[in-house]
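Engineer: Based on what follows, work out the 3D shape:
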Amino acid sequence: MSAEDPFDPHSARDDAVTMAGTEDAPAFLRGGGTLGALIRAHDWAATPLGPPADWPQSLRTVVRLMLGTRHPMFIFWGAEGICLYNDGYRASLGPEKHPAMLGARAEQAWAEIWPVIGPEIALVMQGQGATWHQDHLIPILRHGRHENVYWTYSYSAIDDDSAPGGIAGVLVICTETTTRVMAEQRQAFVVSLVDALRDVGDPGAVLATASAMLGERLGVDSVGFIDADLATDSMTIEHEWHRAGGRTVAGRHRIISFGPALTGELRSGNTVVVDNVAQEERIVAPVRVGLVAAGIGAFVVVPLWRENALRSLMFVVAAGPRSWSETEQSLIADVAERTAAARASARAHRALADNERLLRAIGESSGELIFAKDRAHRMLYANSATLAVIGKPADAVIGHREDEWHDDLDEATAIITNDRAVMDGGEILRVEEHFTTPDGEVRIFQGTKAPMRDSDGTIVGVVGVTTDVTEHSRAQRRLRLMIDELNHRVKNTLAIVQGIAYQTFRQEGIAIEAREAFDQRLAALGKAHGLLTRESWESADLAAVAAEACAPHLDGADRITMDGPSLRLAPKTAVTIAMALHELCTNAAKYGALSVDSGRVALSWSIERGAHHRLHLRWQESGGPPVVAPSRRGFGSLMIERALSTELQGEVQLDFRLEGLVCTIDAPLPDANTA
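Structural biologist: This is a model prediction of the structure:
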């Protein structure tokens with residue numbers, strides 16, 4: 001309080017008043033600040049007490065004690081309970097009582113609480129002993145309204161031998177504890193509110209709970225939340241608590257309905273406090289009339305901002321005029337912020353729960369193994385397919401490391417090693433892992449593991465999706481064995497054919513060159529088969545086919561260059577092209593570019609894409625002996641022209657240019673997955 005505050009018993013003004021009239025006053029009335037001066041100036045002769053000079057010694061003693069202390073004290077004297085008090089007590093009074101109650105009868109001065117204190121005073125006056133109350137609620141009329149005021153006080157008898165029964169009055173020694181009690185009650189209320197909202201998962205229920213608790217706490221008529229949209233100047237009241245039988249204001253309204261002044265305050269983020277709607281000049285007249293007609297006499301509106309925008313409002317409404325104390329305003333603002341935070345949390349938790357349900361539904365609908373682990377390798381989630389393979393209940397797996405529940409520690413260690421590689425490397429990893437089921441069967445799982453990150457991008461674990469490929473792996477092994485066996489038999493067959501040919505070519509009249517050519521062609525066919533065998537007879541890359549066919553003539557001098565895109569060939573196409581390239585290489589080595597050191601061969605190919613893709617392959621020789629078109633076509637030429645045309649269903653041209661042979665192949669490309 002300031003130095004000029006008339007209610008401060010230690011102010012400069014009080015010091016001046018204290019000295020006034022002190023010289024002529026009886027000794028027991030000297031000092032006492034403002035109340036000392038008022039007591040000295042009061043016309044006591046007009047009261048049942050009479051002039052102070054005639055007061056009994058017991059009253060003089062108590063008044064001297066009262067005026068000499070700063071502790072709040074009050075005196076009820078005589079049967080009428082004439083009121084006297086000091087500056088310490090004055091601080092708890094409003095203008096309705098001070099100074100009018102000085103010298104007044106108790107029943108008139110304290111009319112609003114006389115049913116409470118009257119019987120207590122009577123008991124003390126009757127000699128029933130002193131009373132004691134701690135933090136006792138006694139609402140009094142103060143500053144225009146009935147306020148809940150808490151006191152710690154005692155009523156004690158003032159003895160006087162001349163009085164009937166030996167007791168002439170009651171001394172009240174008291175302390176107002178409203179501030180402390182209200183603070184404790186507010187803290188207890190906030191704690192109970194937080195506890196109540198903690199387990200509420202529905203955002204609407206959060207608002208309903210907070211509104212009801214605050215409404216009951218303040219004793220108001222309505223509390224609610226408004227979802228605001230400044231862009232459209234609209235607000236929607238969807239969650240409102242009001243007293244039984246009270247009127248509701250739920251629905252859609254315009255923010256401007258508050259009036260431009262109050263709307264401006266809300267847009268600026270200021271809390272709007274209105275004690276009396278009917279007299280509030282910030283509200284335009286038509287709106288004031290409408291609000292009063294709607295049962296709104298006073299209100300507080302707290303704007304709630306989120307992400308630099310006004311998102312919602314909390315309102316508290318009283319049906320009649322009400323002076324909102326600073327304590328109440330602070331509580332309303334506190335509840336508004338806590339409720340908004342709890343609502344946002346409930347929304348986030350609900351969204352998280354919805355996402356978890358969705359992910360769980362997806363996981364449970366999949367036959368693949370889906371799981372997640374934290375950085376400590378503890379299992380966070382495992383779908384039903386995963387638990388079925390593990391063969392253990394969820395509580396034995398969730399929250400535990402692989403090596404804590406996995407019966408095969410070697411397998412567990414290998415799995416943990418893969419998990420750690422993903423978390424340390426931060427990259428997706430394709431894995432193949434073995435897992436021994438409870439019945440002792442070793443199963444093979446293939447899939448991917450990926451790092452699990454939080455909102456900041458920090459790796460907090462690993463997630464994985466794997467598939468049981470045991471049967472597929474077994475089938476692949478069986479297929480590989482069959483292919484290897486087939487290849488072995490083909491090689492044996494080719495060896496038998498080669499043996500028969502050798503015996504046949506030993507006859508007189510058959511040139512040794514023919515036998516060698518046959519052997520080379522048979523070897524080229526074997527190499528083509530070997531290449532396809534390594535590819536499981538599914539397809540072969542054209543570059544690999546060309547390299548295999550030309551291998552005997554690749555001496556590291558880049559005499560044969562190859563250029564073309566990656567292209568997978570069906571098995572039949574691969575064998576046919578391999579044989580053709582063998583013939584071209586053989587012919588070039590005998591008569592063409594590869595027969596001299598200066599000769600070169602350029603092999604290139606391209607793909608013509610369209611509704612049906614086509615292969616364009618070109619063999620071009622240069623730097624060799626001058627080329628002369630043969631007078632007759634040998635086996636090689638015929639095989640190239642006719643076999644390629646027939647097998648590939650394409651066009652083959654052999655151009656015997658003087659500077660070098662050019663062979664072009666134009667053929668459709670069949671699906672590499674078909675034979």
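
Engineer: burial of the residue nearest to residue 148 when sequence neighbours are not counted, as a residue count?
Structural biologist: Nearest residue to residue 148, sequence neighbours excluded (C-beta to C-beta, 6 or more residues apart in numbering): residue 139, at 5.2 Å. Just so you know, the C-beta spots here come from the backbone N, C-alpha and C atoms, and that holds for glycine as well. Counted with other C-beta atoms under 10 Å, the neighbours of residue 139 add up to 14.

Engineer: next one: residue 669
Structural biologist: A count of nearby residues for residue 669, using other C-beta under 10 Å, gives 19.

Engineer: can I assume residue 666 sits in a strand?
Structural biologist: Yes: under DSSP: H, G, I helix; E, B strand; the rest coil, residue 666 falls within a strand.

Engineer: Tell me how many other residues surround the nearest residue to it once chain neighbours are set aside.
Structural biologist: Once flanking residues are discounted, residue 666 sits nearest to residue 651: 4.7 Å by C-beta to C-beta, 6+ apart. Residue 651: 12 surrounding residues under other C-beta under 10 Å.

Engineer: ditto for residue 28
Structural biologist: For residue 28, the neighbour count with other C-beta under 10 Å is 20.

Engineer: what's it in contact with, if anything?
Structural biologist: By C-beta atoms under 8 Å, 6 or more residues apart in numbering, the contact set of residue 28 is 52, 60-61, 63-64, 67.

Engineer: Narrow those to those that are buried.
Structural biologist: 52, 60, 63-64, 67 (16 or more other C-beta atoms under 10 Å).

Engineer: quick one: the helices in the stretch 151-300 of the chain?
Structural biologist: Chain-ordered helices for the stretch 151-300 of the chain, with DSSP state H, counting those that start in this stretch as the definition, fall at 178-198, 203-218, 260-267, 285-293.

Engineer: Tell me the buried residues in the last one?
Structural biologist: Read it as helix 285-293. Buried-residue list, helix 285-293, by 16+ other C-beta under 10 Å: 287-288, 291-292.

Engineer: now do the shortest one
Structural biologist: Neighbour counts using 16+ other C-beta under 10 Å place 262-263, 265-266 of helix 260-267 among the buried residues.

Engineer: Identify the farthest-apart pair in the residues you listed.
Structural biologist: 263 and 265 (7.3 Å; C-beta to C-beta).

Engineer: Can you name every helix or strand that the lengthiest strand in the chain contacts?
Structural biologist: Criterion DSSP state E: the longest strand present in the chain is strand 442-453. Packing partners of strand 442-453 (3 or more C-beta pairs under 8 Å, 6 or more residues apart in numbering; DSSP states H and E): strand 369-374, helix 409-425, strand 429-436, strand 459-468, helix 470-505.

Engineer: per-stretch mean pLDDT over these, give me the minimum one.
Structural biologist: Mean pLDDT values for those show the minimum at helix 470-505, a mean of 57.

Engineer: tell me the pLDDT at the closest residue to residue 26 other than its chain neighbours?
Structural biologist: The spatial neighbour of residue 26 that comes closest, neighbours along the chain excluded (C-beta to C-beta, 6+ apart), is residue 52 at 5.5 Å. Looking at residue 52, its pLDDT reads 94.

Engineer: can you check residue 158 too?
Structural biologist: Listed pLDDT for residue 158 reads 96.

Engineer: list the contacts for the closest residue in space to it that isn't next to it in sequence?
Structural biologist: Spatial nearest neighbour of residue 158, excluding adjacent residues (C-beta to C-beta, 6+ apart): residue 169 at 4.1 Å. Taking C-beta under 8 Å, 6+ apart, we find residue 169 in contact with 58-59, 62, 75-78, 81, 125, 157-158, 160.

Engineer: Let's see if you can find the most crowded of those.
Structural biologist: When the contacts of residue 169 are compared by neighbour count (other C-beta under 10 Å), residue 77 ends up highest, at 27 neighbours.

Engineer: Residue 49 is in contact with that one, correct?
Structural biologist: Yes: shown here, residue 77 and residue 49 form a contact pair, counting by C-beta atoms under 8 Å, at 6.4 Å.

Engineer: Quick check: neighbours shared by the two?
Structural biologist: Each of residue 59 lies in contact with both residue 77 and residue 49 under the rule C-beta under 8 Å, 6+ apart.

Engineer: follow-up on the earlier one: from the contacts of residue 28, pick the one nearest residue 381.
Structural biologist: Checking the contacts of residue 28 one by one against residue 381 (C-beta to C-beta), the nearest turns out to be residue 67, at 77.7 Å.

Engineer: and the gap between the closest one and residue 52?
Structural biologist: Distance from residue 67 to residue 52, counting by C-beta to C-beta, to the nearest Å: 12 Å.

Engineer: which neighbours do these two share?
Structural biologist: Joint contacts of residue 67 and residue 52 (C-beta under 8 Å, 6+ apart) are 28-29.

Engineer: How many residues are close by residue 225?
Structural biologist: Other residues lying near residue 225 total 27 when counted by other C-beta under 10 Å.

Engineer: and residue 317, what element?
Structural biologist: Using DSSP states H and E, residue 317 sits within strand 309-318.

Engineer: Now that strand: buried residues?
Structural biologist: Neighbour counts using 16+ other C-beta under 10 Å place 310-318 of strand 309-318 among the buried residues.

Engineer: before we move on, back to that, check the residue nearest to residue 666 and give its pLDDT.
Structural biologist: So residue 651 comes in at 88 (pLDDT).

Engineer: give the contact list for it.
Structural biologist: Contacts for residue 651 were tallied using C-beta under 8 Å, 6+ apart; they are 645, 665-667.

Engineer: State the pair within those that is farthest apart.
Structural biologist: Within these, 645 and 666 form the most distant pair, 10.2 Å apart (C-beta to C-beta).

Engineer: what residues are shared contacts of these two?
Structural biologist: Joint contacts of residue 645 and residue 666 (C-beta under 8 Å, 6+ apart) are 651-652.

Engineer: now residue 436: how far from residue 407?
Structural biologist: 7 Å.

Engineer: ah, wrong one, I meant residue 351
Structural biologist: Using C-beta to C-beta, we find residue 351 at a distance of 39 Å from residue 407.

Engineer: picking up where we left off before, now, which of the contacts of residue 28 lie within helices?
Structural biologist: Among these, the members found in helices (DSSP state H) are 60-61, 63-64, 67.

Engineer: re earlier: just put the helices of the stretch 151-300 of the chain in a markdown table and tack on distance to residue 452.
Structural biologist: Shown next, in a markdown table, are these (distance: least, C-beta to C-beta, whole Å):
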| stretch | distance to residue 452 |
| --- | --- |
| helix 178-198 | 28 |
| helix 203-218 | 28 |
| helix 260-267 | 43 |
| helix 285-293 | 55 |
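
Engineer: Include mean pLDDT and distance to residue 42 when you put these into JSON lines, please.
Structural biologist: Below are those laid out as JSON lines (pLDDT from 0 to 100; distance: least, C-beta to C-beta, whole Å):
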{"stretch": "helix 178-198", "mean pLDDT": "90", "distance to residue 42": "28"}
{"stretch": "helix 203-218", "mean pLDDT": "90", "distance to residue 42": "40"}
{"stretch": "helix 260-267", "mean pLDDT": "79", "distance to residue 42": "47"}
{"stretch": "helix 285-293", "mean pLDDT": "84", "distance to residue 42": "43"}
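
Engineer: Perfect, that will be all.
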